[in-house]
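Engineer: Sequence plus the predicted model coming up.
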Amino acid sequence: MPCPLVPEQSSTPSAPALNLQRNPFCGRHAEYFSEDPLLAGRMAGQQCRGLEENGVSGSMMHFFGNNAETLRNTNHSIMSERTARELYIKAFEFAFEVEKPDTVMTGYNAANGLYCSNDSALLKGILRGEMGFDGYVMTDWGGFGNRGPAGLMEAGISWIAPGSEDDTFTGPIREAMESGSLTRAQMQQNALRLVRILAR
């Protein structure tokens, strides 16, 4: 008999977290699988498959280069393109070979000059274009970067987590659309990705 406190179906994203164990002082290594991108990716992919086969949306996180918990909102990971692709992005690629999640959560951190939640080349170019991700992208809880709500939308974010009950986010987005700096097509695309997963 199912536990009455746990719903049989959930639209709330769950783990896995597949950051690499790079810094011995990182306080969340218990959530991460390995320092090796192959092992981390394969294990995260299997966990995500198990979740999604049982009606729970997987949310692979934190994309990408999140190495520490101290000052997570201002951490800046500087690395070569080779390091980014062979370690940090590769873990997600290996995971996607097993199971593509319903959602990917960005890291609080910046990487090579841009906050991950604001990086259009990372989210649209690499995650969607190269890796074929077709779910929705969400921010980490309060991980908004430094370009404001419209910058998040332009980068391809569908859910600004946790949201707000006032116009803190919707006001600047509406202003950006009215000024033409953010297109209706981009907003519709972001919303469609989220709604498609919720409907499924």
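Structural biologist: Perfect, I can see it now.
Engineer: if I pick Met131, what's in contact with it?
Structural biologist: 89, 92-93, 96 (Cβ atoms under 8 Å, 6 or more residues apart in numbering). In this view, the C-beta of every residue, glycine as well, is placed from N, C-alpha and C.
Engineer: let's see it at 7 Å
Structural biologist: 92-93, 96 (Cβ atoms under 7 Å, 6 or more residues apart in numbering).
Engineer: can I get the residues you listed in TSV with distance to Asp140, pLDDT and neighbour count?
Structural biologist: Below are these laid out as TSV (distance: Cβ to Cβ, whole Å; pLDDT from 0 to 100; neighbours: other Cβ atoms under 10 Å):
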residue	distance to Asp140	pLDDT	neighbour count
Phe92	15	97	26
Glu93	21	97	17
Phe96	20	97	20
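Engineer: Output the contacting helices and strands for the strand ranked longest in the chain.
Structural biologist: What stands out as the longest strand in the chain, according to DSSP state E, is strand 56-63. In terms of contacts (3 or more Cβ pairs under 7 Å, 6 or more residues apart in numbering; DSSP states H and E), strand 56-63 is packed against strand 10-14, helix 37-53, helix 89-98, strand 103-106.
Engineer: In the protein, which residue is most central in space?
Structural biologist: Met105 (1.8 Å; Cα atoms, centre = their mean).
Engineer: Tell me the confidence at that one?
Structural biologist: Met105 carries a pLDDT value of 96.
Engineer: Okay, and the beta partners of it?
Structural biologist: Met138 (DSSP bridges).
Engineer: Contact partners for it?
Structural biologist: Contacts of Met105 by Cβ under 7 Å, 6+ apart are 59, 61-63, 138, 140.
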